[in-house]
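**Student:** Build me a model from this:
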Amino acid sequence: MKQIKKITIIGNAGSGKSVLARKLHTLFHLPVYHLDQYFWKPNWVMPDLNEFKIVHDELCERDAWIIEGMCLPLLEYRVSQADMIIFLDMPRYLCFWRIFKRFTSYYGQETPSSAKQCPEAFNWNFLRFLTVVWKFKGQDLPMIKGLLDAYASKKIVYTLQSQGEIDLFLKMVGSKIE
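**Tutor:** The predicted structure is shown next:
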């Protein structure tokens with residue numbers, strides 16, 4: 001495990017990517033990059049994908065990192081650069097619970113992993129976001145699973161489907177690093 005220098009964490013919003021990234025940082029001592037902080041412009045304005053691709057690829061080409069986030073159109077490049085891929089395939093109800101918990105905890109403020117000037121707010125963007133979260137399993141899951149299958153023989157790939165599995169994974173990784 002000590003040779004692991006690049007870890008990507010993917011999954012639906014609310015699946016626990018940011019929290020897991022922070023916990024893995026304490027084990028691996030790798031820099032953490034939250035894609036939302038690089039993707040979103042102030043007030044949740046979406047960037048041009050080609051513009052973001054330059055930033056994304058520059059992050060992926062660094063020597064060591066933990067990158068958490070999705071951006072499905074750029075996922076394959078990140079996976080190809082990673083030593084370890086962690087897919088948090090959490091139940092939809094858990095993702096929604098965590099999103100609403102975060103929303104109420106940070107309402108009107110930025111979260112630790114959000115972009116600058118992108119506070120939690122109840123508006124049409126938030127409602128559209130919830131729609132994306134709802135559709136994740138149907139729209140994004142087949143592509144993600146295909147990509148993980150394609151890289152399973154070349155990379156270390158974990159699919160974790162509950163908080164219990166995440167906790168066991170962290171114990172296992174921690175014991176292999178010591």
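**Student:** From here on, just use CA atoms for contacts and neighbour counts.
**Tutor:** OK.
**Student:** avg pLDDT for stretch 43-60?
**Tutor:** Mean pLDDT, stretch 43-60: 94.
**Student:** Tell me which residues of that stretch come out buried.
**Tutor:** Within stretch 43-60, the residues scored as buried using 16 or more other CA atoms under 10 Å are 44, 52-53, 56, 59-60.
**Student:** And for stretch 102-121?
**Tutor:** For stretch 102-121, using 16+ other CA under 10 Å, the buried residues are 103, 110-111, 113-116, 118-121.
**Student:** Likewise for stretch 127-134?
**Tutor:** Those buried within stretch 127-134 under the rule 16+ other CA under 10 Å are 133-134.
**Student:** tell me the mean pLDDT for that stretch?
**Tutor:** Mean predicted confidence for stretch 127-134 is 92.
**Student:** can you list contacts of it?
**Tutor:** Stretch 127-134 has contacts (CA atoms under 8 Å, 6 or more residues apart in numbering) with 12-13, 92, 95-96.
**Student:** how far does that stretch sit from the chain's center?
**Tutor:** 16 Å (CA atoms, centre = their mean, to the nearest Å).
**Student:** How about stretch 67-75?
**Tutor:** With CA atoms, centre = their mean, you get 7 Å for stretch 67-75.
**Student:** Name the residues of that stretch that come out as buried.
**Tutor:** Buried-residue list, stretch 67-75, by 16+ other CA under 10 Å: 67-71, 75.
**Student:** Restricted to helices, list those residues.
**Tutor:** Leu75 (DSSP state H).
**Student:** Past the lowest-mean-pLDDT helix or strand in the chain, which element shows up next along the chain?
**Tutor:** Least confident helix or strand, the chain: helix 124-139 with a mean of 90, by mean pLDDT, DSSP states H and E. Using DSSP states H and E, the helix or strand that follows helix 124-139 in sequence is helix 141-151.
**Student:** Name the next helix or strand downstream of that next one, please.
**Tutor:** Past helix 141-151, the next helix or strand by DSSP H and E is strand 156-160.
**Student:** Please enumerate the strands of this structure.
**Tutor:** 6-11, 32-34, 65-68, 84-88, 156-160 (DSSP state E).
**Student:** could you redo those as a markdown table and give each row distance to Thr26?
**Tutor:** A markdown table is the format used below for the strands of the chain (distance: least, CA to CA, whole Å):
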| stretch | distance to Thr26 |
| --- | --- |
| strand 6-11 | 13 |
| strand 32-34 | 10 |
| strand 65-68 | 11 |
| strand 84-88 | 16 |
| strand 156-160 | 19 |
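**Student:** between these, which one is nearest to Lys171?
**Tutor:** Among these, strand 156-160 comes nearest to Lys171, with 13.5 Å by CA to CA.
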